[in-house]
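1. dropping a prediction and its sequence here:
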Amino acid sequence: MRALALIADRKLELADLPAPAAPSAGEVQVRVAAVALNHLDLWGYRGMAFAKRKFPLVVGAEAAGEVAAVGTGVAAIKPGDRVVMYGALTCGTCNACRAGRDNLCENVGGIMGFHVDGFARDLVNMPARLVIPVPAGVAMRDAACAPIGFATVQHMLFDNAKLEPGETVLVHAGGSGIGTAAIKMAKAIGCTVITTVGDDGKADKARALGADHVINYRSDRFEGAVRKLTARKGVDVVFEHVGAETFNGSLLCLKRGGRLVTCGATSGPSTTINLMQLFQQQYRIIGSFGASLRNIRESLAKMAAGLTPVIDTEVPLAEFERGLARLESRQVFGKIVVMF
Ligand SMILES: [Zn+2]
């Protein structure tokens, strides 16, 4: 079978590997159909000094496919079912797992495609409990964006920031994979959405997705623009993932008691904050990483109801690297999906 492996930092190789053994008890074997790219893939590709992992490492952290075979004791899933996979090897038995807070698993065995072998291969064996059926009518290409892209946003906006209909939300980097999903999900419940983009072409596309106000952060200071748009009141929620470049400005955009939820630090990991401002304004700052199995099911249900991901580009497996380069260049609007 084909497998795309990282053999050194910034060096990928398409290899021909033996297919995995038949699935063991409690496992399913999935024929991968689509892998969606995320910033996590870029971090892994560039190399991170602190990440514990060994080369070669099969890349791909978010995927959809079709069940090829099932092991004994697997009743809920059968060959031919279309599925997506939960990409972190959780234990399934700790308190967090049993409470459905999968992304807080106390014994997680690594993130697939980052710490351990991922999905960019023709066949993969998975524990059946980490495999989620795709509803009828949802394309494989779209389903591949559910486990990380959509589920991360679902978890951030609704579990963590507790976004309510009628509230105002600032979505940073509205052209990114998660930014586009956040705009659509917030609009779908009747929120007012303000978003930031880096060029005017993206501004038109963000408006077409339903964003009420679009700020080009290269020509306008977003903090000032948000104060003006909200009559100096500020927004209820800020959806952060840009990091050092925007974090303090994001806090200035919040109304008293507002919530900032963050899942990324693309522009840099460190900043200082004013603690007086934090407690006097009664801000809530919430870190968010990954999602639960429930969030993936919720994401797929939204897709089945018509809230589909914005796809920037489809590339074949052999052009995975071109997809990463496009993601790194920040020229994307939506998700890049590698089709098998
Ligand atoms: Zn666990």
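-> Looks like it came in fine.

2. what packs against the worst-scoring helix or strand of the chain on mean pLDDT?
-> Here the helix or strand of the chain ranked lowest by mean pLDDT, DSSP states H and E is helix 39-46, holding a mean of 93. For helix 39-46, the elements it packs on are helix 320-328, judged by 3 or more C-beta pairs under 8 Å, 6 or more residues apart in numbering; DSSP states H and E. Using the backbone N, CA and C atoms, a C-beta is placed for each residue, glycine as well.

3. which parts of this protein sit against the ion?
-> Thr90, Cys91, Cys94, Cys97, Cys105 (C-beta under 5 Å from the ion).

4. can you say which of those residues are buried?
-> By neighbour count, with 16 or more other C-beta atoms under 10 Å, these hold Thr90, Cys94, Cys97, Cys105 as buried.

5. am I right that the first one falls within a helix?
-> No - when classified by DSSP: H, G, I helix; E, B strand; the rest coil, Thr90 is found to be coil rather than part of a helix.

6. I figured it hits Met126, correct?
-> No - using C-beta atoms under 8 Å, Thr90 is not in contact with Met126, being 11.8 Å away.

7. burial check on Arg256, number of neighbours?
-> Number of residues near Arg256 (other C-beta atoms under 10 Å) recorded here: 10.

8. same check on Thr246?
-> Thr246: 25 neighbours (other C-beta under 10 Å).

9. quick one: low-confidence parts of this structure?
-> For the chain, the stretches with pLDDT under 70 are 49-50.

10. pull the contacting residues for Gly334.
-> Gly334 makes contact with Gly175, Gly177, Thr180, Pro309, Val310, Ile311, Asp312, according to C-beta atoms under 8 Å, 6 or more residues apart in numbering.

11. pick out whichever of those sits closest to His213.
-> Nearest to His213 out of the contacts of Gly334 is Gly175 (C-beta to C-beta; 14.9 Å).

12. OK, contacts around that closest one?
-> Gly175 neighbours (C-beta under 8 Å, 6+ apart): Val197, Gly198, Lys202, Lys205, Ala206, Val332, Phe333, Gly334.

13. apply 10 Å and report the result again.
-> Neighbouring residues of Gly175 by C-beta atoms under 10 Å, 6 or more residues apart in numbering: 183, 195-199, 201-203, 205-206, 209, 214, 310, 312, 330-334.

14. what helix or strand does Val226 sit in?
-> Take DSSP states H and E as the rule and Val226 turns out to sit in helix 222-229.

15. please save the CA atoms from that helix in CSV.
-> Coordinates of each C-alpha in helix 222-229 appear next as CSV, following Å, rounded to 0.1, in the frame of the first residue of the first chain:
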residue,chain,number,x,y,z
PHE,A,222,-8.7,45.5,14.1
GLU,A,223,-9.1,46.6,17.8
GLY,A,224,-10.2,50.1,16.7
ALA,A,225,-12.5,48.8,14.0
VAL,A,226,-14.2,46.4,16.4
ARG,A,227,-14.7,49.2,19.0
LYS,A,228,-16.3,51.3,16.3
LEU,A,229,-18.5,48.5,14.9
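
16. report the buried residues of it.
-> Applying 16+ other C-beta under 10 Å to helix 222-229 flags Phe222, Glu223, Ala225, Val226, Arg227, Leu229 as buried.

17. after it, next one along is what?
-> The helix or strand immediately downstream of helix 222-229 is strand 235-240, counting by DSSP H and E.

18. where does the stretch 101-250 of the chain get nearest to the ion, residue-wise?
-> Cys105 (3.2 Å; C-beta to the ion).

19. which residues touch that residue?
-> Contacts of Cys105 by C-beta under 10 Å, 6+ apart are Ala88, Leu89, Thr90, Cys91, Gly92, Thr93, Cys94, Asn95, Ala96, Cys97, Gly290.

20. what's the burial count for the residue nearest to the last one when sequence neighbours are not counted?
-> This points to Gly290. Of all residues not flanking Gly290 in the chain, Asn103 sits nearest, at 3.7 Å (C-beta to C-beta, 6 or more residues apart in numbering). As a burial measure, Asn103 scores 21 neighbours (other C-beta under 10 Å).
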